[in-house]
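>>> Make a model of this:
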Amino acid sequence: MELIDDERDIYLPVWKVTFDGPFFCYKEDREPAGKPLPFSGEFHWAGRRWLVPGVYSCPKGLVVDLCMEVAPEEIRAVRDKWHLTPENDDESHFSREELMAIQAENPFHFSYNPQVVVNGKPLDRNHGRGVAYAPVEDVVGTDLEAQWVVDHYQLDKTKAWYLWRWSFPWGKPEKGWRGFLERLGVRKLFTLSLRLHGETASVPGVPFQAGDPGEKVQLLDPVTGENYTLTVVENKPQTLEMSFPEGWEFPNHCRELTYTLDPEPPKGYLTLRDRDEGDRHRMGSPVGLRKAIKGSEAASIGIIGGADGPTAIFVSTKRESQSQVHAAASSFHFQPVEEVTWLPVFHKKTAEDTQVVLKKNV
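Model (predicted):
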């Protein structure tokens, strides 16, 4: 820790880049500091400007700092639309649907998977961390560490920034003389590139209620503007047979909707969720699902939930005679479910994959 004001005993954490540590060291760390490498970069991706202000060689692997620039107006727009303040930033103030919408609109929330290519050899990330900086009053999420990083790299303080630190382990040494030097701890980087893979983000559509078989519902894709026609095949209640420890009570009633879509979207692009979060279990959490939805159709069932929240079920079926029939199951309730409000969710790719060659500074 570095003392910057001895009269007020104000300390500033030291900038020390390590493979496993944060941006700044708040206490003594035995891990050796990474060596700065003469690589940097600036590029545009996913409609934004990106910077690579620092690359570091550590004994365990390579560390890359990556910064995404965001216009402050975008942050203010989300803040004002959802009335986000330090007093109401808790998730309990918003529904599951609202949280999904906020996440989709939040310019700081950007999902991607980075990979580095060192001398032609790809290295996968091991872990990463991020901090957000916004020059906007009353913005939830801006922290002191982010301000220190912006100061350290002398970034434009009139812009908003999301700053990542990614760590990539070296992996097995190469063969030949380079591998021999690597085993001795000597690594020479001739070329360095970033491969950035855009992941998916969930965007909610307009909720609807399904009726009898044959009923048609129009689903508008908020991402592309395309319309999908959902046709109800079956809409019926289900009771799941479950086995729990003696004395525990859990909801086991849901409603299953089977349907077709026209046109058929890409696999995994459009799913349905119950807008209602369902009933909470009364004691404990489920230990297993011994028997699932009855019937002769093959199905895969995944349970999402835990001891502190509701449990939801998502079902995918495969029918030999109807390969394009989709299925979804509602949240659990203690009583039979008569009506469900379904939320269509569109899973868009955040950006097309790209590869950026970093500049080697002279």
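>>> Now do the contacts for residue 208.
Going by Cβ atoms under 8 Å, 6 or more residues apart in numbering, residue 208 touches 217, 219, 341-342, 344. Where you see a C-beta, it was placed from the backbone N, CA and C, and this is true even at glycine.
>>> ok, now with 10 Å
Residue 208 is in contact with 217-219, 230, 272, 275, 340-344, counting by Cβ atoms under 10 Å, 6 or more residues apart in numbering.
>>> Quick check: pLDDT value at it.
In this model, residue 208 is scored at 97, pLDDT.
>>> can you give me phi and psi for it?
Phi and psi for residue 208, reported as degrees, to the nearest 10, are phi -150, psi 170.
>>> Quick check: bridge partners of it?
Counting by DSSP bridges, residue 208 is bridged to residue 342.
>>> State the distance from it to residue 97.
Per Cβ to Cβ, to the nearest Å, residue 208 is found 13 Å from residue 97.
>>> list residues touching both of these two?
Jointly contacting residue 208 and residue 97 under the rule Cβ under 10 Å, 6+ apart are 275, 341, 343.
>>> Restricted to buried residues, select those residues in ChimeraX.
In ChimeraX syntax, the buried subset of these is picked out as below (16 or more other Cβ atoms under 10 Å):
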select :275,343
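>>> CSV for the shared contacts of residue 208 and residue 97, including pLDDT?
As requested, the shared contacts of residue 208 and residue 97 are exported to CSV (pLDDT from 0 to 100):
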residue, pLDDT
275, 92
341, 96
343, 96
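>>> Tell me the one among the shared contacts of residue 208 and residue 97 nearest to residue 75.
Distances from residue 75 to the shared contacts of residue 208 and residue 97, taken as Cβ to Cβ, are shortest for residue 343 (26.1 Å).
>>> thought that closest one was touching residue 207?
Yes. If you go by Cβ atoms under 10 Å, residue 343 and residue 207 touch, sitting 5.1 Å apart.
>>> overlap in contacts of these two?
Counting by Cβ under 10 Å, 6+ apart, the shared contacts of residue 343 and residue 207 are 97, 273-275.
>>> Direction included, what does the longest strand along the chain pair against?
For the chain, the strand with the greatest residue count under DSSP state E is strand 227-239. Strand pairing for strand 227-239, using DSSP bridges, gives strand 216-220 (antiparallel), strand 253-262 (antiparallel).
>>> among the ones you listed, which is the most enclosed?
Counting by mean count of other Cβ atoms under 10 Å, strand 253-262 has the highest mean neighbour count of those, with a mean of 19.
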